[in-house]
Structures are given as structure tokens and as C-alpha cells.
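Chemist: sequence? don't have it. structure:
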């Protein structure tokens, strides 16, 4: 296989620090992504609980209404 020389095509090499800046990485971005993920999970759990309570209330209303 041939090695492709990317420098001849205008591609620049970057070190880890430069990549973190360009890609939005780093500690602050990682913490932000983690917090966003936690809020997403909490929101999903809240939706499941709300739907479960609504379903139980509907079923209870139906049962008590038929008595």
C-alpha cells in the first residue's frame, strides 16, 4: 500500500491541545456533555413516571366507575 502524503494536499497536523480546541473537547465540554446527558435521563425517567401514574389513574377511574 502507498502512503498518502496529506501535507501536499494542505492538511495540517494538530496536537491533542489543538484538537481539543477545534473539536470542542476538554474538561469543560466533557462536564457539559455529562450534565446534558444526566438531564436527558432525568427527563426520560420523569416522562415514564408521569405516563405510568396517568395510566394507573385511568385504570383506577375505570374500575371504580364500574362498581
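Modeler: Yes, it's here. All figures in this text were calculated on a predicted structure; none of them were measured in a lab.
Chemist: Tell me where the longest helix sits in this structure.
Modeler: In the chain, taking DSSP state H as the definition, the longest helix is helix 27-65.
Chemist: so what secondary structure elements neighbour that helix?
Modeler: With contacts defined as 3 or more Cβ pairs under 8 Å, 6 or more residues apart in numbering; DSSP states H and E, helix 27-65 has no helix or strand neighbours. (Glycine included, C-beta is placed from N, CA and C.)
Chemist: For residue 4, pull up the helix or strand it's in.
Modeler: For residue 4, there is no enclosing helix or strand under DSSP states H and E.
Chemist: any idea how far it is from residue 11?
Modeler: 10 Å (Cβ to Cβ, to the nearest Å).
Chemist: any idea whether residue 13 is helix, strand or coil?
Modeler: coil (DSSP: H, G, I helix; E, B strand; the rest coil).
Chemist: Fine by me, we can end here.
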